[in-house]
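Asks: Model the structure of this input:
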Amino acid sequence: MREDGKIDYIEWAGGELPATKAFYSAAFGWSFTDYGPDYAAFEGQGADGGFVGDITEEPAKPLVILYAVDLEAMEAKVVAAGGVVVKPIFEFPGGRRFHFLDPAGNELAVWSATGFE
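Replies: Predicted coordinates for the structure are as follows:
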């Protein structure tokens, strides 16, 4: 069950997705669900996550993604606590999310499936 503020998903730069998927499949037995040519998701590996293949969209470092039932309320909490929103709320297949920087400069994201479940 998803809960507010809990780590829910992690995204990595995927580079050449077929090679990345082949590596993780061969080395660790992971399987993937493709969401178009530039995204491959995995689940059941201790934490769910995905690889971004589009070089213009892929994170420079792993991106930790938290969950929120009410995305707008969580965004307000993040800002009130001193976080800086660097990508305002946007839609993607399966939900919506925003990205922010914490006081140490780490980029994280918060997502919600509200309205998409």
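
Asks: how distant is the longest strand seen in the chain from the center of its chain?
Replies: The longest strand of the chain (DSSP state E) is strand 84-92. Centroid separation for strand 84-92 versus its chain: 12 Å, with Cα atoms, centre = their mean, to the nearest Å.

Asks: Now the element after it, going C-ward?
Replies: strand 95-101 (DSSP states H and E).

Asks: tell me which residues in that next one are buried?
Replies: 96-100 (16 or more other Cβ atoms under 10 Å). Any C-beta I mention is one placed from the backbone N, CA and C, and that applies to glycine too.

Asks: mind putting those residues in a markdown table, pLDDT and distance to Ala113 included?
Replies: Output for the buried residues of strand 95-101, formatted as a markdown table (pLDDT from 0 to 100; distance: Cβ to Cβ, whole Å):
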| residue | pLDDT | distance to Ala113 |
| --- | --- | --- |
| Arg96 | 96 | 8 |
| Arg97 | 95 | 10 |
| Phe98 | 96 | 14 |
| His99 | 95 | 17 |
| Phe100 | 89 | 19 |
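
Asks: List just the nearest of these to Ala40.
Replies: Checking the buried residues of strand 95-101 against Ala40 by Cβ to Cβ gives Arg97 as the nearest, at 18.0 Å.

Asks: partner residues bridging the closest one?
Replies: Following DSSP bridges, Arg97 is listed with bridge partners Phe90, Trp111.

Asks: hang on, it packs against Phe90?
Replies: Yes: with contact defined as Cβ atoms under 8 Å, Arg97 counts as touching Phe90 (6.8 Å).
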